[in-house]
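[1] I'd like to go over a predicted model; first the sequence, then the structure.
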Amino acid sequence: MEPPRIAACLCGAVQLHLPEARREVHACHCGMCRRWGGGPLLAVDCGQAVRIEGEAQVQTWQSSAWAERGFCGRCGTHLFYRLLASGALIVPAGLLGEAGELALTRELFIDHKPSWYGFANRTERLTEAEVLATFGL
Ligand SMILES: [Zn+2]
Ligand SMILES: [Zn+2]
């Protein structure tokens, strides 16, 4: 089965066309992601070949030296986490629909995860130090 290729916000004003969407879902437990979305960010690396329809509705906020976060200015749906250096988009898995082929494979900033929740999935778990080393940040 092909990976999901179109993601839309709640109100439909913004559509992301994602020809390079991966199947692997990564969870980020960092404090910024949890504050942004109310819980860990579950997202899919969609690479750089992204086309955004309705871009005029997209608002962005630069949340760190290396990334910005985008959301729909009309309905508030979180659309992406964009790496500034490469332009790659990390898109919340919930936007990709009921794609059965997605798999949670990795958890980031595991040392920032609060103790009141935890995923039962068998994943590769990286601490903040390991994340920074792995991604060269
Ligand atoms: Zn919207
Ligand atoms: Zn995060």
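    Nice, thanks for sending it over. Ligands and ions are numbered 1, 2, ... in the order given.
[2] for ligand 1, see how far away the residue lying closest to Cys30 once chain neighbours are set aside is.
    With C-beta to C-beta, 6 or more residues apart in numbering as the criterion, Cys30 has its nearest non-adjacent residue at 4.0 Å, and that residue is Phe109. No exception for glycine: its C-beta is placed from N, CA and C like everyone else's. Phe109 sits at a distance of 28 Å from ligand 1 (criterion: C-beta to the ion, to the nearest Å).
[3] check the gap between Phe109 and Leu132 for me.
    Distance of Phe109 to Leu132, given as C-beta to C-beta, to the nearest Å: 10 Å.
[4] the more surrounded of those two?
    Higher neighbour count among Phe109 and Leu132: Phe109, with 24 against 12, using other C-beta atoms under 10 Å.
[5] indicate whether stretch 52-68 makes contact with ligand 2.
    No. Against ligand 2, stretch 52-68 shows no contacts by C-beta under 5 Å from the ion, the least distance being 8.7 Å.
[6] list the contacts of that stretch.
    9, 13-17, 32, 36, 69-74, 79, 81-85, 137 (C-beta atoms under 8 Å, 6 or more residues apart in numbering).
[7] try 7 Å this time
    13-17, 32, 69-74, 79, 81-85, 137 (C-beta atoms under 7 Å, 6 or more residues apart in numbering).
[8] out of those residues, which touch ligand 1?
    Near ligand 1, by the rule C-beta under 5 Å from the ion, you find Ala13, Cys72, Arg74 out of the contacts of stretch 52-68.
[9] contacting residues around the second one?
    Neighbouring residues of Cys72 by C-beta under 7 Å, 6+ apart: Cys9, Cys11, Ala13, Val14, Gln57, Val58, Leu79.
[10] at 10 Å what do you get?
    Residues counted as contacts of Cys72 (C-beta atoms under 10 Å, 6 or more residues apart in numbering) are 8-14, 54, 57-59, 78-79.
[11] where does it land on pLDDT?
    Per-residue pLDDT puts Cys72 at 98.
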